[in-house]
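*Asks:* Need coordinates for the below:
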Amino acid sequence: MTKMVNEINSRSLKYIGALYNVLNLAEYIVEELECEAIYIRDVAYRDNRGQITLYGVSCRYDEYRSDLDRYIKDLKESFNIDIDLVTKTVAVGNPGLSIEELYRYIADLVKESSSEILKRYAYLTEGRKGIEYLLLILSNGKGVVLEGEYHKVEIPYIKNIVATVHTHPSGYCLPSRQDIETCLLHMGDGGLLCGVVTVSCDFYIYLTNVLDEDSFRSMMKIVNGYDRFVSEIIRKLNNRESNILAKAGNIVFEVTGPHFGY
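*Replies:* Here you go, the predicted structure:
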């Protein structure tokens, strides 16, 4: 049985929710205005108020459309963010973060926040064998922590979950085959990151750009060759080769925090 044990309202999660929606807006602008690129500048969120400028480069269309106006208005009302959209022929100087850089920036924020939130629950998992905790970071900037039996925590259907991170017993932060399959489904539904938090280490799987066909196929190869994948990951962990353990197209597998080999 799955139950909610905590609902989190924090500035850091609100910021993540705001940037997630800005990312979706930026991708929407590129598609709708047919821009070659877009940059996000003045990414700041202080005292629950933000100011962001989007620079569309070499856009075929430079006029707002009614649905785009509504999108920007809703984002302003939901997160108290002032958004300016500027279209330019070329990028001048330092235009800001690219979409790829914004993906990584959000991933870094999620890793930091989820580890901070779930570490105490990881200790509970350590003391209560067979119980795990799942953090959902939502697109509205809120967080929910669920409790349930190991591999039996049921994720309620909530549209636009930014990230799902759950606890494992100490010493084994590698995702299971089921974790990776579930993560791929999550990403296919708009999610950016999945992860595992333990007392001793954290493991994250996150997007660095859109989930394209190549990324999906590469993830399926990992799922189908899971045992071989885990063996290679363990070898890299034991050799302390790098925190970046694998890539699948636009998807990165990364370990953070201290780990002691397997």
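
*Asks:* Just give the nearest non-adjacent residue to K14, would you?
*Replies:* What sits nearest to K14 in space, not counting adjacent residues and going by C-beta to C-beta, 6 or more residues apart in numbering, is G141, at 3.8 Å. C-beta coordinates here come from the backbone N, C-alpha and C atoms, glycine included.

*Asks:* what about the one you found, how many residues close to it?
*Replies:* G141 sits with 25 neighbouring residues when counted by other C-beta atoms under 10 Å.

*Asks:* need the contact list for it.
*Replies:* By C-beta atoms under 8 Å, 6 or more residues apart in numbering, the contact set of G141 is 9, 13-18, 79.

*Asks:* pLDDT at it, what is it?
*Replies:* As predicted, G141 sits at a pLDDT of 93.

*Asks:* how close does it get to V5?
*Replies:* In this view, G141 and V5 are 20 Å apart by C-beta to C-beta, to the nearest Å.

*Asks:* Identify the residues contacting stretch 122-134?
*Replies:* By C-beta under 8 Å, 6+ apart, the list of residues contacting stretch 122-134 from outside reads 5, 118, 121, 145-151, 153, 155, 164-170, 197-199.

*Asks:* one more time with 10 Å
*Replies:* The list of residues contacting stretch 122-134 from outside it, by C-beta atoms under 10 Å, 6 or more residues apart in numbering, reads 2, 4-6, 115, 117-118, 120-121, 144-155, 164-171, 173, 196-202.

*Asks:* So what are the sheet partners of whichever strand or helix holds A163 and their directions?
*Replies:* Under the criterion of DSSP states H and E, A163 resides in strand 161-167. Using DSSP bridges, strand 161-167 pairs in its sheet with strand 131-138 (antiparallel), strand 193-197 (parallel).

*Asks:* Now the helix or strand following it: average pLDDT?
*Replies:* Proceeding C-terminally, strand 161-167 gives way to helix 177-188 as the next helix or strand, assigned by DSSP H and E. The predicted model gives helix 177-188 an average pLDDT of 92.

*Asks:* list the helices and strands helix 177-188 packs on?
*Replies:* Using 3 or more C-beta pairs under 10 Å, 6 or more residues apart in numbering; DSSP states H and E, the elements in contact with helix 177-188 are strand 161-167, strand 193-197, strand 202-207, helix 213-224, helix 226-239, strand 251-256.

*Asks:* and L54, what does it touch?
*Replies:* Contacts here follow C-beta under 10 Å, 6+ apart; on that basis L54 touches 22, 25-26, 29-30, 35, 38-42, 72, 83-87, 95-96.

*Asks:* Would you mind checking the residues you listed for buried ones?
*Replies:* Under a neighbour-count criterion of 16 or more other C-beta atoms under 10 Å, the subset of those counted as buried comprises 22, 25-26, 29-30, 35, 38-41, 72, 83, 85, 87, 95-96.

*Asks:* just checking, which of those residues belong to helices?
*Replies:* Using DSSP state H to define helices, the subset of the buried ones among the contacts of L54 located there is 22, 25-26, 29-30, 72.

*Asks:* Just the closest of the residues you listed to L207, please.
*Replies:* Distances from these to L207 were compared by C-beta to C-beta; the smallest belongs to A26, at 14.2 Å.

*Asks:* residues near L138, how many?
*Replies:* For L138, the number of neighbouring residues by other C-beta under 10 Å comes to 19.

*Asks:* pLDDT score assigned to the residue nearest to Y61 when sequence neighbours are not counted?
*Replies:* With C-beta to C-beta, 6+ apart as the measure, L33 is the residue that lies nearest to Y61, at 4.6 Å, once sequence neighbours are left out. The predicted local confidence for L33 comes out at a pLDDT of 87.
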